[in-house]
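Chemist: Here is my input; please provide its structure:
(one chain, ligands or ions: 2)
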Amino acid sequence: PLVSMNEFLPKAKEKKFAVGQFNMNNLEFAQAIVEAAMELNSPFIYGVSEGALKYMGIEFTVAIAEAAAKKSGLPIALHLDHGSSFEVAMACIRAGFSSVMFDGSHYPLEENIRLTREIVKAAHAMGVSVEGELGTIGGVEDDLSVDEADATLAKPEEAIRFYEETGVDALAIAVGTAHGMYSGEPNIRFDIIEEVASKVPVPIVLHGGSGVPDEAIRKAIQCGVGKINVNTENQVAATQTIREVLSKDEKVIDPRKYLGPARDAMIEVVKAKIKLFGSENQA
Ligand code: G3H
Ligand code: ZN
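Modeler: Ligands and ions are numbered 1, 2, ... in the order given. Sure, this is the predicted structure:
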């Protein structure tokens with residue numbers, strides 16, 4: 001069965017590794033992610049954005065994740081990514097999600113705390129874990145778009161208060177990463193990660209994990225990051241592979257001829273991330 005993130009996040013924080021949240025966009029993503037995790041015996045999180053949920057349909061999403069859990073025997077959480085409301089979070093939980101994120105980062109602090117707390121209360125009653133967000137993460141993900149200039153870093157004092165008043169299981173804070181690829185290198189505020197992580201018992205979540213240099217990822221984990229989200233790198237690997245296959249042979253019409261290689265490319269991306277995050281053999 002699918003598990004709550006509390007099955008592995010406390011251990012991740014204690015042993016200083018991070019569990020990857022790999023976004024599911026279709027069947028091939030789901031297969032590539034679980035295949036990589038099986039090869040390396042790693043726990044992981046399927047992240048599903050509201051856009052991906054609309055695309056796949058909630059029933060297919062849950063069925064695919066449950067099939068992956070059954071086939072692999074690994075601790076897998078099915079997690080709503082950047083949930084926008086209590087209603088969406090509850091619909092996901094009712095359908096079988098084992099974890100949800102509520103992203104109230106665009107609300108004033110008090111409102112974000114109030115809304116997140118309501119979701120935590122309802123989710124915890126059903127054994128479902130919750131991630132909250134503070135500060136705004138730049139870049140574009142699906143319908144969510146934040147101008148880099150408007151991205152604001154999380155304030156440590158506020159993040160600590162947010163944790164204490166909401167009781168979230170994982171805390172996403174804006175520390176300089178962005179959704180999508182980077183034109184240069186991200187300027188990550190390790191000091192903010194360290195300060196908040198040392199004062200709250202739950203791990204910090206790093207969004208925008210694609211394109212972050214390996215060294216910065218290792219350092220972030222040492223500072224207290226226990227969950228890292230990756231989506232764009234898999235999208236890039238899949239799409240580049242499909243472009244290559246199609247441009248080499250105009251006669252290809254069987255989708256398996258390009259989706260199969262795309263899936264193989266994603267397996268390599270996920271395996272590299274699992275090794276980098278240190279979650280290998282932690283299932
Ligand atoms: O919530 C999802 C992630 O933050 C993905 O970010 O597409 O930059 O890897 P990414
Ligand atoms: Zn994100």
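
Chemist: Could you check the longest helix belonging to the chain and say which residues are buried?
Modeler: Counting residues, the longest helix in the chain under DSSP state H turns out to be helix 256-277. Buried residues in helix 256-277, counted by 16 or more other C-beta atoms under 10 Å: 258-259, 262-263, 265-267, 269-271, 273-274, 276-277. Bear in mind the C-beta positions are built from the backbone N, C-alpha and C, glycine included.

Chemist: Of these, which is the nearest to T239?
Modeler: Relative to T239, the closest of the buried residues of helix 256-277 is A262; by C-beta to C-beta it sits at 7.5 Å.

Chemist: The residue nearest to that closest one when sequence neighbours are not counted: helix or strand, and which one exactly?
Modeler: In space, and not counting its chain neighbours, A262 is closest to A238: 4.0 Å by C-beta to C-beta, 6 or more residues apart in numbering. Applying DSSP states H and E as the criterion places A238 in helix 232-248.

Chemist: buried residues in that helix?
Modeler: Here helix 232-248 shows T232, E233, N234, Q235, V236, A237, A238, T241, I242, V245 as buried, counting by 16+ other C-beta under 10 Å.

Chemist: next one: stretch 204-216
Modeler: Within stretch 204-216, the residues that count as buried by 16+ other C-beta under 10 Å are I204, V205, L206, H207, G208, G209, S210, G211, V212, A216.

Chemist: Inside helices: which ones of the residues you listed?
Modeler: Filtering these for helices - DSSP H - leaves A216.

Chemist: Farthest pair within the buried residues of stretch 204-216?
Modeler: Within the buried residues of stretch 204-216, I204 and G211 form the most distant pair, 19.0 Å apart (C-beta to C-beta).

Chemist: State the helix or strand in which the most far-flung residue of the chain relative to its centre lies.
Modeler: For the chain, the largest distance from the centre (C-alpha atoms, centre = their mean) belongs to K251, which lies 37.0 Å off. K251 belongs to no helix or strand when assigned by DSSP H and E.

Chemist: Quick check: residues of the stretch 51-200 of the chain near ligand 1?
Modeler: For the stretch 51-200 of the chain, the contact set with ligand 1 under C-beta under 6 Å from any ligand atom comprises D81, H82, E141, H179, G180.

Chemist: which non-adjacent residue is nearest the closest residue to ligand 1 within the stretch 1-150 of the chain?
Modeler: Nearest residue of the stretch 1-150 of the chain to ligand 1: D81, at 4.7 Å (C-beta to the nearest ligand atom). Excluding the flanking residues, the one nearest D81 by C-beta to C-beta, 6+ apart is G47, at 4.0 Å.

Chemist: What of I188?
Modeler: Closest to I188 by C-beta to C-beta, 6+ apart is G176, at 4.6 Å.

Chemist: For the one you found, give me its contacts.
Modeler: Taking C-beta atoms under 8 Å, 6 or more residues apart in numbering, we find G176 in contact with L153, P186, N187, I188, R189.

Chemist: same check, this time on F86
Modeler: Contacts for F86 (C-beta under 8 Å, 6+ apart) come out as F102, L115, E118, I119, A122.

Chemist: Identify the neighbouring strands of the least confident helix or strand in the chain by mean pLDDT in the sheet and state each direction.
Modeler: Counting by mean pLDDT, DSSP states H and E, the weakest-scoring helix or strand in the chain turns out to be strand 144-146, with a mean of 80. Applying DSSP bridges to the sheet, strand 144-146 is found paired with strand 138-141 (antiparallel).

Chemist: returning to that earlier point: the residue nearest to I188 in helix, strand or coil?
Modeler: At G176 the chain is in coil, as set by DSSP: H, G, I helix; E, B strand; the rest coil.
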